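**Student:** Show me how the following folds:
(chains A, B and C)
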Amino acid sequence: MSASVQDTPLLPPAPVKRSALARFRESDVYASFRRSKLAMGAFAVTLVLVLLALAAPVISPQNPYDPAQLELINSNLPPLWYADGVAPFTLGTDDQGRDVLSAVFYGLRLSLIVGLLGVVVSGFLGIVLGLVAGYFGGFVDTLIMRIADVQLTFPAILIALVVDGVAKAAVGSQMDTNAAIGLIVLSIGLSFWVQYARTVRSSVLVEKNKDYVQAGRLIGLSSPVIMVRHVLPNVLGPVFVIATINLALAIITEATLSFLGTGLPDSMPSLGTLIRTGNRFLFSGEWWIVAFPGLALAGLVLAINLLGDWLRDALNPKLQ
Amino acid sequence: MTEPVLSVRNLRVAFAGRRGTLTAIDDVSFDIARGEILGVVGESGAGKSVTGSAVIGLIDPPGGIVGGQVLLKGERIDNLPPEALRRIRGRRIGMIFQDPLTSLNPLYRVGRQIVETIRTHTDLSEKAARTRAIDLLAEVGIPAPERRIDGYPHEFSGGMRQRVVIALALAAEPELIIADEPTTALDVSVQAQIIALLKRLGSERGTAVMLVTHDMGVIAEAADRVAVMYSGRIAEIGPVRDVVQNPLHPYAKGLMGAIPTLAQETDRLAQIPGSMPRLSDIPPGCAFNPRCPSVFGRCRVERPDPIPVGAHRVACHLYDRSEASAA
Amino acid sequence: MNAPVMPPPRTGARAPEAPYVAIEGLRRTFDVSRPWLARVIERQPRQILRAVDGVSFEIRRGETFALVGESGSGKSTVARMVVGLLPPSAGDVRITGVSMTDPREATARRRLRRRIQMIFQDPYASMNPRWRVRKIVAEPIRAFNLLQGEVAIGRRVGDLLGLVGLHPDDGVKYPHEFSGGQRQRIAIARALASEAEFLVGDEPTSALDVSVQAQILNLMRDLQDRLGLTYLFISHNLAVVRHMANRIGVMYLGRVVEIADGRELFRAPKHPYTRMLLDAVPDIGLTGRKRIPVSGEIPNPIDPPSGCAFNPRCPFANERCRIEVPALVEGVACHAFQERRLPA
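**Tutor:** Below is the predicted model of the structure:
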């Protein structure tokens, strides 16, 4: 009778262990990426902008945050291809003599940092609250989701403004730049957690009734262990999609707040700050101060959004 | 009347995929006579449902018929334009699917759906069509049809819904009905009622039925003949009692031995090692050869053609006369 | 009450031992009412679904007990209560004498926990798709701290995979690389990893093709012979149940209507519902037999008939059947049987 257990199929002989990279290259997501020219283009643009942001201190002719490097003589210079353009200010300078190209590199860096941190904070909040709401259900669920509903009735930018205003009223309007970054990250985090929470909650509702979660309960695992070990990894797919699209949103929100003057200070300009300060010179002919930061922002947000759209389609098997 | 209602000749269906073309149906031929129920049975992935869809021209791109013919009363229908095919579906070929809800529009009363179908395909007046719809509902065993005709699909139970779908399929008096897993979603007791209904269609109306299912028990109860499919090919086709009690193809033998039965106590079920190959790696020669207990050299290189043995046709080299005399 | 440590030896002698599992008056209701606000506005009462309504039976050590029934019979709900995934509304489950509900026996229950495992219906949903098979099979070993050290655990996982007819090296693969039947083997290996002695199979083969089903059923029987396992087997398929079970309970709308030895049940079914079911099931061994036409459908379990739930479909029902719920006496819950009104 032991023979009969053995005569059952020993199908594929010895399986070969393959690296994570090799498995990724065989995955449907990778194939879909290779098929989509748009996704590949968007990825290339994002990659270039991220590399520029990372390399900003090395490749920038000037440190735009260092007042010692700013000369008022160099203010309002046009880009290099104009007759009165001056090297090394390739894209010209603003009213304080700040090199626009360097400011754009550094601004990209700030926008990406704020955006990423904002996504991390909102994602963390949303995932935890969504997991708890979905897994435990009942009153906790109702409470969390009603708060989410109420929050959704306010535009994100309004919430960010409120958080910003409250913090400034408490601390005073003069705070150091790190605190300013922290504050704006918090504002973004508090405005965007709802979408994560809703998505995670609905995925958890599906996953928690699957038998592998029941199997975990059968061997006496506790609820937090089951949530983190079994449920969480299986609801992360949609979270990545939201995170990508929210990264673009977070960057826009930061730019908007900075444009409105409640974001990052003039001494440490992000792309939004640059657009605000440059805006004043638009009609006096110095278009480059606002145009290049604007282009960089638009390019970054568009590329990330396109990536997010593609990722959503690639991870949704129903659309294929 | 000797001409078969449905005649499928060397049908091939292929799907274009990312890693090349996959042949889902490979050289399948069978006939269904008037009043006959042909069971098409196989395990998941054998191609039984694709065969049903191919007959009624419902294979969606990237799939398509790449060879062979489908003849309805001797007239080719596989190469008709979509508009002409749509007219044939519903009028000359009726369809019954596993989930009755997909065939019924939840927003319309069932009577209206049947009346509409009748009026699309005949020139009966509204009133006559309604009378006919009530007759149909009565015929498929729905109690108080003159009242139930004004109900919505959700007001019917699963078994009753499947009856409505059968009534809908019968509305235009088709010559052929294709039933794809019509009883799978139903409970045993209701299953028996639907099987009895299908059998009555054949004997009383002369409708030919192609009954596609994975459930050998349903085939054994309902069908006159059965085609056992494996990897997109017909392994064996013959009268149902013969195939069930005396299967010839090694796969059919294994399959019948693997099914537990109420008729007798078995200590141990026969088991076929392994599982059916994926479409992407069907072995050369006979598709069953890696799992076959009687495999020999020729099976690995040459694909067996169906050979008539008694009332069966078997696609197996074991039954090739020249092979037998040589061995 | 001590939980046994070793799988019991297979003794030929039939000593009148205590039942391995004793289920007493098990009941489970679900609140299927619409949301509170909608209910109040439309003045609807609460709706309570009685999924399981007073079920009692015993399972002996080393035997296979099967619960068979159609959809809505409550058989899966019973299974979930027996393994402790679902708390009963009333009644108790005792396994080796330990109550699965009594809070005073929590310590003994924790020791018993690893002896009871379940095999689920859908082999595609019962494993974490992101884990390698060796991690899946090792999880119970780690959770119960049965072995120390990666080497020992790895060796045990390899042995378990071999035991269910897979290659020990299959452990490095992910569940999606296996067919349904192979996954069900992995599920069995995982259930055995904690040295379980009582397995509850909830339709363990109904998602599989017949030839694969035969492999799994044979494997389950072989493992039972080898390891002395006790099974509770839930299925809607009478032929599978006949093949697997020593004793069978037939359920209809939350109640057990008949319990009998397998052979006895198929040779001489007593309850009218059992008779109808046996007559209705399509079977390859019984081609072309004459059937008694089946009438009616299963009533809505939210609003079951009064008295015996089968009375609207039963040819032998009388006034008493419509009022009084029949008790299970000598394995049959039927007034007509007790009053000897049934034809032989």
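**Student:** quick one: the residue nearest to residue B:213 when sequence neighbours are not counted from chain A, how far?
**Tutor:** Nearest in space to residue B:213, with sequence neighbours left out and distances taken as CB to CB, 6 or more residues apart in numbering or on different chains, is residue B:181 at 5.3 Å. No exception for glycine: its C-beta is placed from N, CA and C like everyone else's. Counting by CB to the nearest CB, to the nearest Å, the gap from residue B:181 to chain A is 22 Å.
**Student:** Smallest gap between the stretch 151-300 of chain A and chain C, at which residue?
**Tutor:** The stretch 151-300 of chain A approaches chain C most closely through residue A:211 (3.8 Å), counting by CB to the nearest CB.
**Student:** Now do the contacts for that residue.
**Tutor:** Listed by CB atoms under 8 Å, 6 or more residues apart in numbering or on different chains, the contact partners of residue A:211 are C:120, C:121, C:122, C:125, C:126.
**Student:** Mind pulling the model confidence for residue B:63?
**Tutor:** At residue B:63, the model reports a pLDDT of 87.
**Student:** Show the contacting residues for the closest residue to it other than its chain neighbours.
**Tutor:** Leaving aside its chain neighbours, residue B:63 sits nearest to residue B:15 (4.2 Å; criterion: CB to CB, 6+ apart). The contact partners of residue B:15, by CB under 8 Å, 6+ apart, come to B:21, B:22, B:24, B:62, B:63, B:279.
**Student:** For PyMOL, write the selection for the buried entries among those.
**Tutor:** The buried residues among those can be selected in PyMOL (16 or more other CB atoms under 10 Å in any protein chain shown) with this line:
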select buried, chain B and resi 22+24+63+279
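**Student:** ok, of the contacts of residue B:15, which one's closest to chain C?
**Tutor:** residue B:279 (13.8 Å).
**Student:** wait, isn't the closest one in contact with residue B:50?
**Tutor:** No. Using CB atoms under 8 Å, residue B:279 is not in contact with residue B:50; the gap is 10.1 Å.
**Student:** Can you work out which residues contact both of those two?
**Tutor:** B:24, B:232.
**Student:** Whichever residue of the stretch 151-300 of chain C sits closest to chain A in helix, strand or coil?
**Tutor:** Among the residues of the stretch 151-300 of chain C, residue C:165 lies closest to chain A, at 3.7 Å counting by CB to the nearest CB. Under DSSP: H, G, I helix; E, B strand; the rest coil, residue C:165 falls in the coil class.
**Student:** Tell me the predicted confidence for it.
**Tutor:** At residue C:165, the model reports a pLDDT of 92.
**Student:** Could you say which helix or strand holds residue C:117?
**Tutor:** Residue C:117 is part of strand C:116-119, with elements assigned from DSSP states H and E.
**Student:** what comes into contact with the helix or strand just after that strand?
**Tutor:** Where DSSP H and E defines the elements, the next helix or strand beyond strand C:116-119 is helix C:133-143. Applying CB under 8 Å, 6+ apart, the contact partners of helix C:133-143 are A:216, A:219-221, C:114, C:117, C:127-128, C:146-147, C:153-154, C:156-157, C:160-161, C:170-175, C:178, C:186, C:189-190, C:193-194.
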